[in-house]
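Trainee: Next one to model:
(2 chains)
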Amino acid sequence: LEEEQLVLEAGWGPSADADAREEYAALFPPSDETNRRIGEIAAGLQSSDEATRLGAADALGKLASKREQWLDIPPVTGMLIDALPGARGKLEENLASTLALILEHFPDGRSHAAFRPLLGSKNAAVRAAAARGVLLSGRERAIADVLPLLTDSAAQVREQSLLWILRSETFARLTEATRRDVQSAAIEALGDRVDGVKLVAINVLREIGDEEARAALEQMKERKQLLKSALAQAIAVISQRAGTRKSQRSPTTAAKPAEPAKKRATMPSRARAKTKKG
Amino acid sequence: MAEDKVVDRARKLLADGKAETAELLLLQAGWDGAQAAAAREAYAELFPPNPILKERLAGVLAELRADNPKTARRAAAHIVREALGEATPANTAWLRSPLTTGVLIDALGSSDPIVVDAALISLCRIASVHFRDQRAHPALAGLLESPRWLTRMWAVRCVATLRRADAFRQLKPLLTDEVAFVRRQAFDWLERARALDALSEKAQGELEQAAMAALEDPDAEVKGRAAVVLAAMGGEEALHALERVSDRSRPVTTAVPWAIQQIRARNAG
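Mentor: Numbering: from 1, shown residues only, chains lettered A, B, ... in the order given. I've put the predicted structure just below:
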């Protein structure tokens, strides 16, 4: 329901409006059937028996994978947020990945505080889920929180972090300082040994890269078709963007045809230094 | 159509077995357009409360006025759930009635803001799906100035749904409301009103100006919705304003290029 979604967004999105939360609780309470299901899962997660807790988390994970829409509500995300701090090992991994999965459809801002401590987990799968969860929480500082994971020892964490930075809501409204930070990290990731990480880094730079990023991309030597075509596309998009900006700045140049990208490309010293190192 | 002709036509429709058409005709004549007394009287005579409506009037609709806030809120939630659900013969039997809307209009004066919001949500839906009850308008006009942003937001939707000639004048200040959610809904619902030919040419011109100004709104969603408005009605000036937008937020990067394309296609045609 559009009306319910509006209240959910206002209550659990970036504005975290208390009136909206009260209105949601009063006017859009879960059905009796949903309450029964939540009660069953909550009882399982709170059980003193570890196997029962793990079974409940597994069952919830399977429901989330099947995209059961009744999960996209504050009582369910709240239950997972409450269960996370006490969980360890496989249980923590399951709960974190399930919550991250639900956040794709219901970005509950409360999850930011629950996931942030998990960015330093010893378990790589938990770190990857935490990066995704922090970024999906929609909080302004989310990208800054996750940036350190772009040099994580686990490729899974580096790839997931970069991928969810690219997909996050906050990516669309980066401050110039954060854009520069993300660009630097993505340029660094162009030298990653894992193709998946490189591919996402190229796509990130395609979206936010400037001349420095284009220069770094032009230095890349890639044989694999997928990376080659992503590179060409990124360079073209950045060139077009730079051309658009120039024409916007100077009305006198607006009518002139854009010069070929290669001729205009100059490599800033910072990018040159990074390329030499890499 | 003159009052007596409406009533005659409704009686004939009923005699021909077209009860729903007759009912809608009388509801329109009695509570929306002319607000004709004869149509109201005929409606009361030809469509007395059915058993479902009687049950609701004695049940949830009566509870909406309960002194106990918990009871009133529980009733409000029930009404909202039924009003927002898919229209079925069972819920139409009581939602499509001036007796129901009468109770909801009374609830617009409730001291509980959540009951007020529930009444607004339900009246808006009833006006969209069943019939527009213009008796709500005086109370709605006051609620557009509510200190509670949620109430202002629901009131915007409700006023737009009534499709009155003065709707734009009343909603215009909400296009620059301090809360982004309200501004978003104001653009959304005025655009819907425009698409239904419910805005005068003058109002459309003012909406276009407001949408161009909103391209500099701090909220990306508002910018996106303003671009949608301009896509449908913008001219050369709007095209230039859209071309100057540099925001890379998703709602903007989705709506602005599309709006530019729409205006160019219109200009070319």
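
Trainee: Around chain B, which positions in chain A sit nearby?
Mentor: A:1, A:3-4, A:6-7, A:9-10, A:15, A:17, A:19-20, A:22-23, A:26-29, A:169, A:172-173, A:207-208, A:248 (C-beta under 8 Å from any C-beta of the partner chain). All C-beta spots, glycine's among them, are computed from the backbone N, C-alpha and C.

Trainee: can we see that at 10 Å?
Mentor: A:1-4, A:6-7, A:9-10, A:13, A:15, A:17, A:19-20, A:22-23, A:25-29, A:31, A:169-174, A:179, A:207-208, A:241, A:244-245, A:248 (C-beta under 10 Å from any C-beta of the partner chain).

Trainee: what about the helices in the stretch 151-269 of chain B?
Mentor: For the stretch 151-269 of chain B, applying DSSP state H, counting those that start in this stretch gives helices covering B:167-171, B:180-195, B:201-214, B:220-233, B:236-243, B:250-268.

Trainee: Select from the residues of chain A next to chain B every entry located in strands.
Mentor: Among the residues of chain A next to chain B, no member falls in strands (DSSP state E).

Trainee: What about the residues you listed, which are in helices?
Mentor: Using DSSP state H, the members of the residues of chain A next to chain B that fall in helices are A:2-4, A:6-7, A:9-10, A:19-20, A:22-23, A:25-27, A:179, A:207-208, A:241, A:244-245, A:248.

Trainee: Selecting buried members of those residues in ChimeraX, what would you type?
Mentor: Selecting the buried subset of these in ChimeraX, with 16 or more other C-beta atoms under 10 Å in any protein chain shown as the burial test, is done by:
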select /A:3,4,6,7,9,10,19,20,22,23,25,26,27,179,207,208,241
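
Trainee: returning to what we had before: what's the closest of the helices of the stretch 151-269 of chain B to chain A?
Mentor: Smallest distance to chain A across those (C-beta to the nearest C-beta): 4.4 Å, for helix B:250-268.

Trainee: Just the buried residues of that closest one, please?
Mentor: Under 16+ other C-beta under 10 Å, the buried positions of helix B:250-268 are B:251, B:252, B:253, B:255, B:256, B:259, B:260, B:262, B:263.

Trainee: again, but for stretch B:211-229
Mentor: B:211-212, B:214-215, B:217, B:219-229.

Trainee: filter those down to the ones near chain A?
Mentor: B:220, B:221.

Trainee: circling back: switch the buried residues of helix B:250-268 over to TSV; also include pLDDT and distance to residue B:5.
Mentor: As requested, those are exported to TSV (pLDDT from 0 to 100; distance: C-beta to C-beta, whole Å):
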residue	pLDDT	distance to residue B:5
B:251	87	49
B:252	90	51
B:253	85	54
B:255	93	46
B:256	94	50
B:259	95	45
B:260	95	49
B:262	94	42
B:263	94	44
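
Trainee: Pick the one among these closest to residue B:39.
Mentor: residue B:262 (41.2 Å; C-beta to C-beta).

Trainee: In space, what's closest to that closest one - neighbours in sequence excluded?
Mentor: Spatially, and ignoring its direct neighbours in sequence, residue B:262 is nearest to residue B:231 (4.1 Å; C-beta to C-beta, 6 or more residues apart in numbering or on different chains).

Trainee: Next up, the contacts around the most centrally placed residue in chain B.
Mentor: Here the mean C-alpha position of chain B is nearest to the C-alpha of residue B:161 (C-alpha atoms, centre = their mean), at a distance of 2.3 Å. By C-beta atoms under 10 Å, 6 or more residues apart in numbering or on different chains, the contact list for residue B:161 reads B:123-129, B:132, B:136, B:140, B:167, B:189, B:192-193, B:196, B:198.

Trainee: now do residue B:76
Mentor: By C-beta under 10 Å, 6+ apart, the neighbours of residue B:76 are A:26-27, B:60, B:63-64, B:69, B:104, B:107, B:110, B:112, B:114-119, B:121-122.

Trainee: Over to residue A:13?
Mentor: A:20, A:106, A:107, A:108, A:109, A:137, A:138, A:139, A:169, B:181.

Trainee: between the residues you listed, which is closest to residue B:12?
Mentor: Among the contacts of residue A:13, and counting by C-beta to C-beta, the member closest to residue B:12 is residue B:181, at 47.2 Å.

Trainee: Correct me if wrong: the closest one contacts residue A:8.
Mentor: No - counting by C-beta atoms under 10 Å, residue B:181 does not reach residue A:8; the two are 11.9 Å apart.

Trainee: Which one of the two is surrounded by more residues?
Mentor: Each of residue B:181 and residue A:8 has its neighbours counted (other C-beta atoms under 10 Å in any protein chain shown); residue B:181 has more, 24 against 21.
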